[in-house]
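In: give the three-dimensional model of this entry:
(chains A and B)
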2 protein chains.
Amino acid sequence: MDSEIALKQEIAWASHLSLQACLLPPPRGGSCGNYARCVNQILQGINNMQLWLRVPLEKSDSMDEETSDATCNNLSSRLTDSWEWWNSFRLLCEHHSQLFVALDILSSLPSSNSLGRWFGEPVRAAIILTDSFLTNARGFPCLSKRHQKLITGFFNHSVQIVISGSLVHDISQGSIEGLPISNNDINFEGTPIRHPLRPYLDYIAYLYQRMDPLPEQERFELGYRDFLQSPLQPLMDNLEAQTYETFEKDTVKYSQYQRAVCEALLDRVPDERASTTRTVLMVVGAGRGPLVRASLQAAEETGRKLKVYAVEKNPNAVVTLHSLVKLEGWEDMVTIISGDMRCWDAPEKADILVSELLGSFGDNELSPECLDGAQRFLKPDGISIPSSYTSFIQPVTASKLYNDVKSHRDLAHFETAYVVKLHRVARLAPSQPVFTFNHPEYSDKKSNQRYKKLRFEMPADTGSAMVHGFAGYFDATLYKDVHLGIEPTTATPNMFSWFPIFFPLRRPLCVPMGSPVEVLLWRCCGATKVWYEWCVTEPSPSPLHNSNGRSYWVGL
Amino acid sequence: MDSEIALKQEIAWASHLSLQACLLPPPRGGSCGNYARCVNQILQGINNMQLWLRVPLEKSDSMDEETSDATCNNLSSRLTDSWEWWNSFRLLCEHHSQLFVALDILSSLPSSNSLGRWFGEPVRAAIILTDSFLTNARGFPCLSKRHQKLITGFFNHSVQIVISGSLVHDISQGSIEGLPISNNDINFEGTPIRHPLRPYLDYIAYLYQRMDPLPEQERFELGYRDFLQSPLQPLMDNLEAQTYETFEKDTVKYSQYQRAVCEALLDRVPDERASTTRTVLMVVGAGRGPLVRASLQAAEETGRKLKVYAVEKNPNAVVTLHSLVKLEGWEDMVTIISGDMRCWDAPEKADILVSELLGSFGDNELSPECLDGAQRFLKPDGISIPSSYTSFIQPVTASKLYNDVKSHRDLAHFETAYVVKLHRVARLAPSQPVFTFNHPEYSDKKSNQRYKKLRFEMPADTGSAMVHGFAGYFDATLYKDVHLGIEPTTATPNMFSWFPIFFPLRRPLCVPMGSPVEVLLWRCCGATKVWYEWCVTEPSPSPLHNSNGRSYWVGL
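Out: Model (predicted):
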């Protein structure tokens, strides 16, 4: 009780001084419920200050880490994985948004899968003990390759590096004088003073400077990192000019389309008929014309003759489309149709149907439903570009996203899929395919409803983990070997039109070491809308999310 | 998809006919997420109709129950416990309040601990297959002892019994004619017709009639079963006359007090000093006087002389107290003090301090804080009645209570302890002591704050279970061997002043077979209030409940 009073007094003082954060001592083992209760009481009362819980970065598979503290001994033999200490603590504190982690980096590191979990957690600082440094040939401190990689990861995730401990490297005066003295080292009287831990800091600074600069696209996307956006509803709503403008800049995407149209034209029209056969190509969802341009360029590249219909349901985009055709002098080749492809009465049938109706999760902007309509005017042997697409998901730790969803304090936000540039996440298992759609599709039993059960196994050396939701991606086959996608292992490089999708879970799912995660997803279709439902059935059942599309749906 | 459409059509039709409930076919194994998704969609849309999911009552420890259904085979080898099927299903449907169970009773039964779990679940019907009946010496159907006990349990829990199957008992015409024919057996033309399953029904009716009638007290309490009440705040609020009236009728309680005062008087005043020594007894919290009466009766019984101070802070009760003293002619023996025992300046010190300040959880009506005040005017060797009290808790399944708490749709109701006559609950492990208070208490380190960590192990043959919260009780030692309490194994018979207390959990806790449940409870004291906080740390951590008493507290 004395300790509790002292802790509360000290934090009240820190708060009075408007400190940004206070470091809390590490819990001793995984069962420090009393400590967590005390901190949780404090968290209810402080305003803006953060509490950073120190947690040693360790995970030993053996049972040799008995804690000596009598009050916390129940789980000590089981919980030698310090991530579990943190996990228990933050669950008791209910993912409080002002509770963060400060990791103590020791000389030995857990496996990289085990480490990976921390990148989905609110780690604010990494405290490197001077003991953890090695000594290089010149007697200076340095870090092991694995430590270097970890520190670089921390830099990438804006984790503050703190050096702690005493000078354990016996660096002779001579070597120090060989180094330049920075301004920081001169005190107000002009006398050079070096901080005793300066050699460690210099080394960390060296690691920082050695990092590759961020690619331009990543720099552009910095502001979007872990920022939840509602997915577009381009079918129900009309996109704004600015949105078209942004997407049209994605040259990689259109060059893939151009390649696909080239290959389709070459397959469909042999060289000997190139000058006599005119291929009918329809761009469905033409927007302001980028696919029309890509198609015409493909025709030019292959020497094939093309008749293009550009179908667009947004009357505002059609205005720009007309200007484009006039400006480029495409009047003879391009016919503009202002209307919805699902009800357009086409004057002739198409050889090639080109569309870009894909969302971050493939079918989530209702490409299947739109192309069902457009398929009516495709020749029986006609080609659809894309010819198929598949969605993918993988379980992730994403405490930042979870807290952002939770901050809305309602059910609907937990039953909504978000478009988000994932950054502070831990991807816990390889992604797996979910729903596939093929175009054209002439099956009798055709349905756009889908149901998929997936089972994810995490690498054995990960340890226990927390799943806050599922990251979703897609991969599309435009034509034969030409694909387009954002699934991390096969993603098309330098394409920026799609961020991943994120399906949150209403309750974070604790996954014990070695336990699989079983998730069920449905794509449901109603008269006026399409929606997803999802749930987890293992290791423990979650509620069904978004029943009947009550929270989140895409309008037809 | 055809099955889904058919199911939805049939339920829509049943709903159109305003049926009370529809029976749903059993899930095939524990992983029928698709079935649950479909039923959950239906549940969102129906008005008042209930859905009763058929679940076979079985639990086999062996792995011989492979289900043949291909879509549900993942867990079939593990989940041979049909309670787990139900549990998965209802978790997916999020404890929907219109989803109930209809149990299929088979010829063999699981262990009684395993069966016990169902009494905390929303079981509406038990369907007994005619195959499950045995045959008695006269060739009539009967049930095994264990089945009889189970059916009696169902009667006690208002579970409807359904007999299903074909007549498998070959009862000769002669024996049937020997039985009386009831009116129900005569059709509109007056011809006696017997339902072919009549012999089974007769047997079930016989079991019903054989039951012991409900004791009067239980009958009186029928209306309170599983009805959540907020605990009284007798310190902060003044009780109403009706409340005093009710409690004063608890003769068992006052006879225990009388016994305790008798023993204390005999210990304190030897026979030889009985006529010369006048014992000073103070009733603190005298209310309308029942303890004054019990004390005076004890004095008469033991032939000891008594001077009584009756201290009461409710000025309304003091009015009645004055009338009582006048009516009974106690003016010489009883001094009435209208005031709070915590600040009364007593004119002399007491030999015996008698109080009844206990709540369902012992200290929850702030008896410790009140007696701290009263202790000032107790002689150093004086006696407090009660001399100590201890609270107890045990984990329970209580889906009805959980749903009632949930129906308020806020956090505060999940962080409140309720007084409730527990009926539809499954007590999963023996209760354990929580907090103990002794009176008088002269320790230097005296504090009324408490912290307790408890670990409950369920009997091995229970299987997995669901914990919706904790049932709480108390046991008080009035004096030496005279105790008073409601802890089920030691409860004082025929006492009705206290129902148990119920601490809910915000999230139902799934406890895998063999896993212990670890719960932490705190009694916290502030300047103006006292409150409890609680959490679970195993098998998985819950949030801390009622931090800083934000939802539930008792005013000082």
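
In: which stretches of chain A have low pLDDT?
Out: A:30-31, A:60-79, A:171-192 (pLDDT under 70).

In: what residue lies at the spatial centre of it?
Out: A:L422 (2.3 Å; C-alpha atoms, centre = their mean).

In: quick one: that one and A:F227 touch, right?
Out: No - in this structure, A:L422 is not within contact of A:F227 by C-beta atoms under 8 Å, at 10.3 Å. For every residue, glycine as well, the C-beta is placed using N, CA and C.

In: past the host helix or strand of A:Y254, which element shows up next along the chain?
Out: Using DSSP states H and E, A:Y254 sits in helix A:251-268. As assigned by DSSP H and E, the chain's next helix or strand after helix A:251-268 is strand A:278-284.

In: quick check: angle from the strand ranked longest in chain A to helix A:251-268?
Out: Secondary structure of chain A per DSSP state E: the longest strand is strand A:465-479. Angle, strand A:465-479 to helix A:251-268, by axes from the mean of the first three to the mean of the last three C-alpha atoms, to 10 degrees: 40 degrees.

In: counting by contacts, list what strand A:465-479 packs against.
Out: helix A:251-268, strand A:378-385, strand A:388-397, helix A:399-406, strand A:482-485, strand A:501-511 (3 or more C-beta pairs under 8 Å, 6 or more residues apart in numbering or on different chains; DSSP states H and E).

In: how far does the third one sit from its chain's centre?
Out: On the basis of C-alpha atoms, centre = their mean, to the nearest Å, the separation between the geometric centre of strand A:388-397 and that of its chain is 11 Å.

In: for the shortest one, same thing?
Out: Centroid separation between strand A:482-485 and its chain, computed with C-alpha atoms, centre = their mean, is 19 Å.

In: do stretch A:376-387 as well
Out: 33 Å.

In: contacts for it next, please.
Out: The contact list for stretch A:376-387 (C-beta atoms under 8 Å, 6 or more residues apart in numbering or on different chains) reads A:257, A:260-261, A:264, A:267-268, A:282, A:344, A:346, A:348-355, A:358, A:371, A:375, A:438-440, A:476-480, A:484.

In: and stretch A:138-148, by the same measure?
Out: Contacts for stretch A:138-148 (C-beta under 8 Å, 6+ apart): A:105, A:109, A:112, A:128, A:130, A:132-136, A:151, A:169-172, A:175, A:199-200, A:203, A:207.

In: so what's A:L266 up against?
Out: So A:L266 contacts A:302, A:304 (C-beta under 8 Å, 6+ apart).

In: please repeat the previous calculation with a cut-off of 7 Å.
Out: A:L266 sits next to A:T302 when contact means C-beta atoms under 7 Å, 6 or more residues apart in numbering or on different chains.

In: got it, and A:T416?
Out: A:551-552.

In: next to chain B, which bits of the stretch 401-550 of chain A? Give me the list.
Out: A:447, A:449, A:451, A:453, A:507, A:510, A:520, A:522, A:533, A:535, A:537, A:540-541, A:543-544, A:547-548, A:550 (C-beta under 7 Å from any C-beta of the partner chain).

In: cutoff 6 Å now
Out: Within the stretch 401-550 of chain A, the positions near chain B by C-beta under 6 Å from any C-beta of the partner chain are A:451, A:510, A:520, A:533, A:535, A:537, A:540-541, A:543-544, A:547-548.

In: so what's the residue count around A:H157?
Out: 17 (other C-beta atoms under 10 Å in any protein chain shown).

In: contact partners for it?
Out: With contacts defined as C-beta atoms under 6 Å, 6 or more residues apart in numbering or on different chains, A:H157 has no neighbours.

In: gap between it and chain B?
Out: 25 Å (C-beta to the nearest C-beta, to the nearest Å).

In: kindly report the same for A:S497.
Out: 32 Å.

In: surely that residue forms part of a helix?
Out: No - read with DSSP: H, G, I helix; E, B strand; the rest coil, A:S497 is coil and lies in no helix.

In: which residue, other than its chain neighbours, is closest to it?
Out: Leaving aside its chain neighbours, A:S497 sits nearest to A:D250 (4.5 Å; criterion: C-beta to C-beta, 6 or more residues apart in numbering or on different chains).

In: show me the contacts for that neighbour.
Out: A:495-497 are the contacts of A:D250 under C-beta under 6 Å, 6+ apart.

In: one more: A:L43?
Out: A:96, A:98.

In: name the element it belongs to?
Out: Going by DSSP H and E, A:L43 is part of helix A:33-45.

In: I'd like the next helix or strand past that helix.
Out: Assigned by DSSP H and E, the successor of helix A:33-45 is strand A:50-56.

In: roughly how far is that following strand from the heart of the chain?
Out: Worked out by C-alpha atoms, centre = their mean, strand A:50-56 lies 25 Å from the chain centre.

In: which among the contacts of A:D250 gets closest to A:H96?
Out: Distance to A:H96 across the contacts of A:D250 (C-beta to C-beta) is lowest for A:F496, with 34.6 Å.

In: sorry, back to before: widest-spaced pair of the residues of the stretch 401-550 of chain A next to chain B?
Out: A:C510 and A:N548, at 28.3 Å, using C-beta to C-beta across those.

In: now do the contacts for the residue lying closest to A:G116 once chain neighbours are set aside.
Out: In space, A:G116 comes closest to A:A426 once its chain neighbours are excluded; the distance is 5.1 Å by C-beta to C-beta, 6+ apart. The contact partners of A:A426, taken as C-beta under 6 Å, 6+ apart, are A:116-117, A:119-120, A:397.
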